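# Structure for this input, please:
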Amino acid sequence: MKLIKWLDEYVEEYILVVLSILTVIIVFTQVFMRYVLGASLTWSEEIARYLFIWMIYVGVSYGVKKGKHLGVDAFPMMFEKKGKLIIDMIVSVAFFIFAVVIAIYGMDIVLKVTRESAALEIPMGWVYAAPVVGMTLTAFRLIQKFVWQVKELKNVNQQKPEEQTRI
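Residues are numbered from 1 along each chain as shown. Alright, predicted model coming up:
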């Protein structure tokens, strides 16, 4: 149970930190090799690009978890708390559908791809798995968010009308 709680709280953060550190080390090493030693690594740019792709997709999940994605709030501002929650729930469901579709079609691509990367000669399936993993994590975070929104909506419904103030 402790492991599940830890994963729920920190999985994206640790993945992003590790990927960021690896990217910085690889790019720094490449710059050092090229400009100080006069030699170049053939694989560094490719792996840095692939790590960055993974960071983007895991970062989407992290953004959902922390509620940090950009959004237009002009329309929801016209509503009170209950209306804002309902709009937010609709957005969560739409984003969930998008994440699931991307994960499903991404998995189809991962299973069909047979190419290898140019410099590293690793299966491109590892690179194409980034959207699958990222969107699966995102869908999981959206489910958590939706459950919280349902609980919050129940709380709003239980309040007296005079307690429901504009936010």
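
# buried residues in whichever strand or helix holds Val101?
Using DSSP states H and E, Val101 maps to helix 81-112. Within helix 81-112, the residues that qualify as buried are 81, 84-85, 88-89, 91-92, 95-96, 99, 102-103, 106-107, 110, counting by 16 or more other Cβ atoms under 10 Å. Backbone N, C-alpha and C define where each C-beta goes, glycine included.

# Please apply the same query to stretch 44-52.
For stretch 44-52, burial by neighbour count (16+ other Cβ under 10 Å) applies to 44, 46-48, 50-51.

# thinking again about what came up before, so for the helix holding Val101, mean pLDDT?
Averaging pLDDT along helix 81-112 gives 95.

# Run the chain-centre distance for the next helix or strand after that helix.
Of the helices and strands lying after helix 81-112 in sequence (DSSP H and E), the nearest is helix 125-158. Helix 125-158 has its C-alpha centroid displaced from the chain centroid by 10 Å (Cα atoms, centre = their mean, to the nearest Å).

# Show me what helix 125-158 is packed up against.
helix 44-66, helix 81-112 (3 or more Cβ pairs under 8 Å, 6 or more residues apart in numbering; DSSP states H and E).

# Kindly indicate which of the buried residues of stretch 44-52 lies nearest Ser117.
Checking the buried residues of stretch 44-52 against Ser117 with Cβ to Cβ, the nearest one is Glu46 at 6.0 Å.

# was I right about that closest one contacting Leu120?
Yes: assessed by Cβ atoms under 8 Å, Glu46 is found in contact with Leu120 at 5.7 Å.

# Any regions of the chain where pLDDT drops low?
160-167 (pLDDT under 70).

# if we can go back for a sec, between the buried residues of helix 81-112, which is closest to Ile25?
Using Cβ to Cβ, Val110 comes nearest to Ile25 of the buried residues of helix 81-112, at 26.9 Å.

# Sounds good, over and out.
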